[in-house]
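In: Pasting the sequence and the predicted coordinates here, then a few questions.
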Amino acid sequence: MKRIALLWMLSLMLYKAQAQLILSEREQSAVIDEMLEDRFNTILPALMQRTNIDLWLIISREYNEDPVLKTMLPSTWLSARRTTMLVFYLNPGSKQLEKYSISRYNVGKSIPASWDMKKFPDQWDALIDLIKSRNPNKIGINTSADFAHADGLDYTHYDVLMKRLPNTLKSKVVSAESLAVGWLETRTAKEMQLYQKLVSITHDIIAEGFSNQVITPGVTTTDDLVWWFRQRVRSLGLTTWFHPSVSIQRNDSASFEHLRSFSNRPENEVIRFGDLIHVDFGITYLRLNTDIQQHAYVLHPEETDAPVYLQNAFAKSNRLQDILTDQFKIGRTGNQILKAARETAIKENINPSIYSHPLGLHGHAAGPTIGLWDKQEGVSGSGDYPIYPHTAYSIELNSSTYIPEWGKEIRIMLEENGYYDGQVFKYIAGRQKKLRLISY
């Protein structure tokens, strides 16, 4: 009874410590709006110059929001309102960014309402008048074959827009794919200050879940642990952007091929001594996302460390992380990075599988795809997109190692979050360098 009471008190203390790291809803709102204003002022003008799009048009209806639009709404807006039209115009002379909302409302403090309803009872007439008055060289709209994030303009609004625009302006309409992806993938200095806290909180929750406070061998199941993670996130006032997963590898006859790893995981497996446990887990906080995978080993009562063969297998995946991130260079595409990393890993007798992706305002974010678990030869479209500076990534991969003691291959599946500043890749809050140990 004393041990149970002590564990309960320790858990409560840890909960209070973590909860203190989470801002109140009101505080979060202020931070989100401050970061959004900073994004408009610092990265958007530069991106419009880089992509040569001087007018960016975003149109969206309530409950059918363009993914880009959702990242531009103030913290107190949980959706668009009626039909929300945003116009960003980069004045070619002054290089100043002009922001307009062709709607009844200011879109927060950043984008003023610019619809004179007495002059233009029809919202579309007001929009066309503004576009004509600016006479842009290119009108960017959110259409994309390769990035769902940049394909947010629905057919209805596209059809109306093209019918309303005069012929002199129709010819100026282009896809804003490169601008939309740039907006989503580029991280500001303020965001990166916060990102370290997000990743640290994610690591802390995983450490708590992978402990004897939560796991009792012979009793706790993988589903118990999955739902513990979900409940823990909720109790801290956080959310998650995907349902966590927990899987087990152990000394038995079951194989752990890719399909079992990703979609055919057994449910409700009871955790035992000697198990190698894996979790895939992430949180959403302040509109940013984390995505992390780590491993733990459940020590037998007589053990003080994981078996050397598991430690060596883990080291291979750590090395694969280094091989991959060493390939990051401005201008290289996701497919070029994937190919070079795989070739190097194979030369080092590592059996690699790489499926890394951008990270930020979405979990599986816009930017260069660096492999998919079932497409190790490269990914057409999003894999051809190049690396830019000031971008964040989830370094997601695995290496398989044959374990003679178990008579089969195991996979060490790691995922850690990092930032590329244009010269150096760094993990945002470190990475797992050895197996977590669960002792009793």
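Out: Thanks, I have the structure now.
In: from what I can see residue 360 touches residue 181, true?
Out: No: assessed by C-beta atoms under 8 Å, residue 360 is found out of contact with residue 181, at 10.9 Å. Any C-beta I mention is one placed from the backbone N, CA and C, and that applies to glycine too.
In: So these two - more neighbours on which side?
Out: The neighbour comparison of residue 360 against residue 181 (other C-beta atoms under 10 Å) goes to residue 181, with 26 against 23.
In: Got phi/psi on that one?
Out: Here is the backbone geometry of residue 181 (degrees, to the nearest 10): phi -60, psi -40.
In: and it, what does it touch?
Out: Counting by C-beta atoms under 8 Å, 6 or more residues apart in numbering, residue 181 makes contact with 147, 149, 150, 366, 367, 385.
In: Same list, these, but as TSV with neighbour count, pLDDT and distance to residue 335 please.
Out: Compiled in TSV, the contacts of residue 181 are given as follows (neighbours: other C-beta atoms under 10 Å; pLDDT from 0 to 100; distance: C-beta to C-beta, whole Å):
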residue	neighbour count	pLDDT	distance to residue 335
147	22	97	15
149	25	97	19
150	27	97	19
366	28	97	16
367	26	98	13
385	22	98	9
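In: and the gap between the residue nearest the centre of the chain and residue 220?
Out: The chain has residue 363 as the residue nearest its centroid, 2.4 Å off, counting by C-alpha atoms, centre = their mean. Per C-beta to C-beta, to the nearest Å, residue 363 is found 27 Å from residue 220.
In: Just give the nearest non-adjacent residue to residue 30, would you?
Out: Using C-beta to C-beta, 6 or more residues apart in numbering and skipping the chain neighbours, the partner closest in space to residue 30 is residue 75 (7.8 Å).
In: Would you map out the domains in the protein?
Out: As given by automatic domain parsing, the domain ranges for the chain are 44-184, 187-438.
In: Now render the ones you listed as CSV, adding distance to residue 30.
Out: Converted to CSV, these look like this (distance: least, C-beta to C-beta, whole Å):
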stretch, distance to residue 30
domain 44-184, 8
domain 187-438, 11
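In: For residue 22, find the nearest of these.
Out: Residue 22 sits nearest to domain 187-438 of all the domains of the chain, at 5.0 Å, using C-beta to C-beta.
In: got the end-to-end distance for the closest one?
Out: Chord length of domain 187-438, first to last residue, is 36 Å (C-alpha to C-alpha, to the nearest Å).
In: can you give me the strands for the stretch 151-300 of the chain?
Out: Along the stretch 151-300 of the chain, the segments classed as strands by DSSP state E, counting those that start in this stretch run 173-175, 245-249, 276-281, 284-285, 288-289, 292-298.
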